[in-house]
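Engineer: give me a 3D structure for the following:
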Amino acid sequence: MEDAGVDLADANVAVFYYTFSDTYISSVRTALDGALDGLGVKYQDFDANSNQTTQNEQIDTALQTGANVLVVNIVTSGSVDASQQIVDKASAAGVPVIFFNRAVETDEEEGQVLGSYDKCAFVGTDAPEAGHMQGKMIGEYLVENFDAVDLNGDGKISYAMFMGQLGNVEAIYRTQYGVEDANAVLTAAGKPELEYFDASNADKYQVDQDGNWSATAANNYMTTNLSQYNEDNGNMIELVICNNDGMAEGAISALNDKGYNLGTADCTTIPVFGVDATDAAKQLIADGKMTGTIKQDAEGMAACIADLVKNAGSGQDVMANTDSYNISANVANKIYIPYAMYTGE
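Structural biologist: Alright, predicted model coming up:
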């Protein structure tokens, strides 16, 4: 239902997604389409297919054809240069721009882009929070199940880490804190820290080279890993940490192919953790094939974006009536949607 007293008749919203193929972004898109339908506004969705040049061209086209509210899931996450270009386009046209999900600046540059234009805002997450939550979840699970997880009985847990995208703020913090915080829980309980499965890999992660956080990338890596690191060789990967649920799905598929994580009582299950709480991940957890994930609230993010669109499309300040949201203490037009642990319970 369109809000009484809020005139959105002239609103023309253009929504730019970094890629339609990302599972979590797809869930945001579904929820946001529904929310915008509920507002009764005219809108169009654009797929940049992971190409910043494409997205910039789409924004130019949308502005030329009458868009007066921009909603942007930027391709080049954390790049001030990329995000400032978009803000400059919006500012030149006098059009509000609402960024979401993917960071527009690094922590060191926080507020630089968002503070450069009074008609912009950001809706996302407090990037370190997911990593901290995931690490705590992993550590607590391992303390309770250490001997069962330690398949070769060497007193240590061997792990693999799948990183979504180099340079992405979310990926950086998830990769860091997913391990650091798990180690803090383990050592506090008198257990040794996690040990990366491949001693020759100084990075201690495997990254999706296409930057798509994809199931395919994780599946390919895990399949190759298991050819050398397995129970027969006494060096099986005993824990899998993933920056998102899509990569967790890919890792689980590779494990399934080797007879693991089938969800049956007689089958060995390697604990796999992700982030997002997608429907597919929830089903894998329910089926006993995945251990846990961190919920990234697609519906909550979409609802918040829709509130800002309502403000922008009716001529109000973009951040009007947002007191109920978790707003950054450092940047007044930056809203955080909280994460939550999910283990299916």
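
Engineer: which ones are touching the closest residue to V207 other than its chain neighbours?
Structural biologist: Distances taken as CB to CB, 6 or more residues apart in numbering put M163 closest to V207, at 4.3 Å, once the chain neighbours are dropped. Glycine gets a C-beta too; all of them are placed from N, C-alpha and C. When contacts are counted by CB atoms under 8 Å, 6 or more residues apart in numbering, M163 is found next to 171, 174-175, 205-208, 243.

Engineer: from those, which land in helices?
Structural biologist: 171, 174-175 (DSSP state H).

Engineer: could I get those as TSV with distance to M137?
Structural biologist: Converted to TSV, the ones in helices among the contacts of M163 look like this (distance: CB to CB, whole Å):
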residue	distance to M137
A171	18
R174	12
T175	15
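
Engineer: can you pick the most crowded of these?
Structural biologist: The most crowded member of the ones in helices among the contacts of M163, judged by other CB atoms under 10 Å, is R174 (31 neighbours).

Engineer: let me see the confidence value for that residue.
Structural biologist: What the model reports for R174 is a pLDDT of 97.

Engineer: any idea how far it lies from D181?
Structural biologist: 11 Å (CB to CB, to the nearest Å).

Engineer: overlap in contacts, these two.
Structural biologist: Common neighbours of R174 and D181 (CB under 8 Å, 6+ apart) are 131, 134.

Engineer: any idea where the helices of the chain begin and end?
Structural biologist: 23-39, 52-64, 80-93, 127-149, 169-188, 215-228, 245-257, 279-286, 298-313.

Engineer: how about the third one: buried residues?
Structural biologist: The reference is to helix 80-93. Judged by neighbour count (16 or more other CB atoms under 10 Å), helix 80-93 contains these buried residues: 80, 82-87, 89-91, 93.

Engineer: re the thing from before, so which of the helices of the chain comes closest to D10?
Structural biologist: Closest of those to D10 is helix 298-313, at 7.6 Å (criterion: CB to CB).

Engineer: can you give me the buried ones in that closest one?
Structural biologist: Applying a neighbour-count criterion of 16+ other CB under 10 Å, one finds 298, 300-313 buried in helix 298-313.

Engineer: just checking, what packs against that helix?
Structural biologist: Under the contact criterion of 3 or more CB pairs under 8 Å, 6 or more residues apart in numbering; DSSP states H and E, helix 298-313 touches helix 23-39, strand 69-72, strand 97-100, strand 120-124.

Engineer: in the last one, what counts as buried?
Structural biologist: I take that to be strand 120-124. The neighbour-count check on strand 120-124 (16+ other CB under 10 Å) flags 120-124 as buried.

Engineer: distance to R29 added to these, as CSV?
Structural biologist: Converted to CSV, the buried residues of strand 120-124 look like this (distance: CB to CB, whole Å):
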residue, distance to R29
C120, 21
A121, 19
F122, 18
V123, 14
G124, 16
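
Engineer: ok, of these, which one's closest to I98?
Structural biologist: Each of the buried residues of strand 120-124 was scored against I98 by CB to CB, and A121 proved nearest at 5.3 Å.

Engineer: now that closest one: how far from T224?
Structural biologist: Going from A121 to T224 by CB to CB gives 43 Å.

Engineer: check T23 too.
Structural biologist: Per CB to CB, T23 is found 23 Å from T224.

Engineer: and those two? Which one has more around it.
Structural biologist: Counted by other CB under 10 Å, T23 and T224 do not tie: T23 has more neighbours, with 20 against 12.

Engineer: ok, the more buried one - contacts?
Structural biologist: Here T23 is in contact with 244-246, 276, 278, 280 (CB under 8 Å, 6+ apart).

Engineer: could you do Q112 as well?
Structural biologist: Per CB under 8 Å, 6+ apart, neighbours of Q112: 80, 84, 105.

Engineer: and with 7 Å instead?
Structural biologist: The contact partners of Q112, by CB atoms under 7 Å, 6 or more residues apart in numbering, come to 80, 105.

Engineer: likewise for the one 10 residues further on?
Structural biologist: Contacts here follow CB under 7 Å, 6+ apart; on that basis F122 touches 99-100, 104, 114, 333-335.

Engineer: again with Y117
Structural biologist: Y117 makes contact with 87, 90-91 under the criterion CB under 7 Å, 6+ apart.

Engineer: quick one, phi psi at it?
Structural biologist: Per-residue torsions, Y117: phi -150, psi 130 (degrees, to the nearest 10).

Engineer: what about the residue lying closest to V240 once chain neighbours are set aside, distance to A199?
Structural biologist: The shortest distance from V240 to any non-neighbouring residue, by CB to CB, 6+ apart, is to V272 (4.4 Å). From V272 across to A199, the span is 22 Å (CB to CB).

Engineer: isn't T216 up against G250?
Structural biologist: Yes. With contact taken as CB atoms under 7 Å, T216 and G250 are classed as touching, separated by 6.1 Å.

Engineer: more neighbours, the two?
Structural biologist: More crowded of T216 and G250, by other CB under 10 Å: G250, with 24 against 15.

Engineer: please list all residues in contact with A189.
Structural biologist: A189 touches V143, counting by CB under 7 Å, 6+ apart.

Engineer: hmm, back to that, and the helices of the chain, which is most packed in?
Structural biologist: Among those, the stretch with the highest mean neighbour count (mean count of other CB atoms under 10 Å) is helix 245-257, at a mean of 25.

Engineer: quick one: residues in contact with that one.
Structural biologist: 23, 162, 164, 213-219, 222-223, 226, 240, 242, 261-262, 270, 272, 274-276, 278, 280-281, 284, 289-290, 293.
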